[in-house]
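Enquirer: Output the structure for:
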Amino acid sequence: MRPLVTKILLFQLLAGMAVLVCFLILSIRAQQYAFRHRAERLQVAIQRIEYGKANLGQLKSVLRSWNPTYDVTPCTENECSAQVMTGDFAYMHAAFFSNHGWLFRVYGVLGGRPAIVRASVGIKDGVVRENSYGIYIEVFPKESESVGNTPFGYSLIGGTTMLEALPPERIANSHHPGYWIGWPDGCEICIAIELHATPEASKEDIQRLSKFDFSCLTRWLNPCRDKGDIMPAAWSQSQRDGLT
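Expert: So this is what the prediction gives:
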């Protein structure tokens, strides 16, 4: 009789653990897709703020539901800067996970994809003169090693910036009038690709090159690891331009 009771208790324990793991996986995956939806909506919101035309009232109207933060100096109709940030569960509770590294690893094993999205809009002379949108995704060490990158993990970054004019160093390295594609030098804990564009670039080029693969925020078994994963069109253009 006793061995049977033991087997029943063991079965109940294993069944309970399986239910708990399934619940955690479903919860983590659900919040990842919710985060991806927010990231996509935020990009649409930033794109609605017309560069060179939108004023402070229009900026605040578009970003009202995003709870933006404004720069420390009081915003005026003439000059202002607003920032919006949204992240997945792990990033929004970074302090907790930094003190519980094993839970952070479990979060990744169960399908969590630590990531954050940042956007900013700047007004100068009464209209929007700069805006940016960037995605930062955590690549775990084992994922990095599998493609021959650093064994320590890194941040995969994709970003776009609209500005009045390219800096001189960007113009010197640009293969196209009005926009520059590249990445920072010497970043040991990140792999990044960036698009900087000005009004001189065509709307078609900006739209084409600004596309992100938002599936990078929800991939689990085949995570994004490199520049071409996060911004495929910009990466393809950089390859045609001979950038390495």
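Enquirer: can you tell me how far the residue sitting nearest the centre point of the chain sits from residue 157?
Expert: For the chain, the residue lying nearest the average C-alpha position, counting by C-alpha atoms, centre = their mean, turns out to be residue 135 (1.8 Å). In this structure, residue 135 and residue 157 are 7 Å apart, going by C-beta to C-beta, to the nearest Å. Yep, even glycine has a C-beta here, placed from its N, CA and C like the rest.
Enquirer: Which neighbours do these two have in common?
Expert: The contact sets of residue 135 and residue 157 overlap at residue 230 (C-beta atoms under 8 Å, 6 or more residues apart in numbering).
Enquirer: sorry, back to before: quick check: phi and psi at the residue nearest to the centre of the chain.
Expert: Main-chain dihedrals, residue 135, degrees, to the nearest 10: phi -120, psi 130.
Enquirer: I figured it hits residue 217, correct?
Expert: Yes: contact criterion C-beta atoms under 8 Å: residue 135 and residue 217 qualify, at 7.4 Å.
Enquirer: Name the residues contacting each of those two.
Expert: With C-beta under 8 Å, 6+ apart, residue 135 and residue 217 have common neighbours 39, 115.
Enquirer: just checking, next helix/strand downstream of the helix or strand harbouring residue 18?
Expert: Assessed by DSSP states H and E, residue 18 sits inside helix 2-48. Note on helix 2-48: by DSSP H and E, the next helix or strand toward the C-terminus is helix 56-63.
Enquirer: so what secondary structure elements neighbour that next one?
Expert: helix 2-48, strand 79-87, strand 115-124 (3 or more C-beta pairs under 8 Å, 6 or more residues apart in numbering; DSSP states H and E).
Enquirer: Let me know which of these is the nearest to residue 211.
Expert: Smallest distance to residue 211 across the helices and strands packed on helix 56-63 (C-beta to C-beta): 9.5 Å, for helix 2-48.
Enquirer: Next, count neighbours for residue 205.
Expert: If you count neighbours by other C-beta atoms under 10 Å, residue 205 ends up with 17.
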